[in-house]
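[1] no sequence for this one, just the structure:
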């Protein structure tokens, strides 16, 4: 697999992401892709050769290995990285669609005509596309973690497994090569995946909170006739009814919303304990 091409494609998504999205992308590259390519893939590359059984019966070791390792760890992680980054390309394709519409609009109405203030701004349909991509990424991460847990029994790799499958003559003991090293990399990749899930959930709440604050800001502009639009936004441009308030005003509300959500969760667990 050409990981350089994969990295170049994902790097283009960085300019359309929020702060949580940029952190997610850094975690994927540094703690998942690089660790997978540099170390984890080599650790699990010769796991079948290191799988040794205390019998010389032809086919016994292969049958036991296929039973205890139906899918390789590296192939599961490679599929997980591919599938979990595919929803991100939905945002890139949507932005490309907007840029094409903008190009056709300028051809029809002149070079100074503009259909979008910023084709990469997350509002309207692009906001929904970005939000759906986060839901898809979170669902894929959870599904692959459950799959790995289901196959390898709580992500564990024992030193010895007992096998009595045909064509083994009787119950034999089989030993996994370098189980501690493989267990460490398994827990590391699972932990990195869990961090990505937390970042996706935080970004989902962040986008929803920003959207709610923007809607309330529009309502206050329409219902309050004394509000003047001569003030400047954070970027120095005149404010308008379709612009969000400054990030300095949004941050306290967002963190207050997060703490309120955590308090409600703690109260729920306390009442049901």
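    Received the coordinates, thanks. These numbers were taken from a predicted model, which means no experiment stands behind them. Residues are numbered from 1 along each chain as shown.

[2] which phi and psi does the closest residue to residue 183 other than its chain neighbours have?
    Spatial nearest neighbour of residue 183, chain neighbours left out: residue 157 (4.9 Å); criterion: Cβ to Cβ, 6 or more residues apart in numbering. All C-beta spots, glycine's among them, are computed from the backbone N, C-alpha and C. When read as degrees, to the nearest 10, the backbone of residue 157 gives phi -130, psi 100.

[3] my read: residue 157 touches residue 182, true?
    Yes: if you go by Cβ atoms under 8 Å, residue 157 and residue 182 touch, sitting 5.2 Å apart.

[4] and residue 208, how many neighbours?
    By the criterion of other Cβ atoms under 10 Å, residue 208 has 13 neighbours.

[5] okay, the residue nearest to residue 183: pLDDT?
    On pLDDT, residue 157 comes in at 82.

[6] run a quick neighbour tally on it.
    Residues contacting residue 157 under the criterion other Cβ under 10 Å number 21.

[7] where do the strands sit along this structure?
    Counting by DSSP state E, the chain has these strands, from start to end: 52-53, 160-163, 172-175.

[8] identify whichever of the ones you listed lies nearest to residue 32.
    strand 160-163 (28.0 Å; Cβ to Cβ).

[9] centre of the chain to the closest one, how far?
    Taking Cα atoms, centre = their mean, to the nearest Å, one finds the center of strand 160-163 at 35 Å from the center of the full chain.

[10] going by neighbour count, list what's buried in it.
    For strand 160-163, a neighbour-count test (16 or more other Cβ atoms under 10 Å) marks 161, 163 as buried.

[11] so for it, what's the average pLDDT?
    Here strand 160-163 scores 86 as its mean pLDDT.

[12] show me what it is packed up against.
    On a contact count with 3 or more Cβ pairs under 8 Å, 6 or more residues apart in numbering; DSSP states H and E, strand 160-163 meets helix 60-68, strand 172-175.

[13] partner strands of that strand and their direction?
    strand 172-175 (antiparallel) (DSSP bridges).
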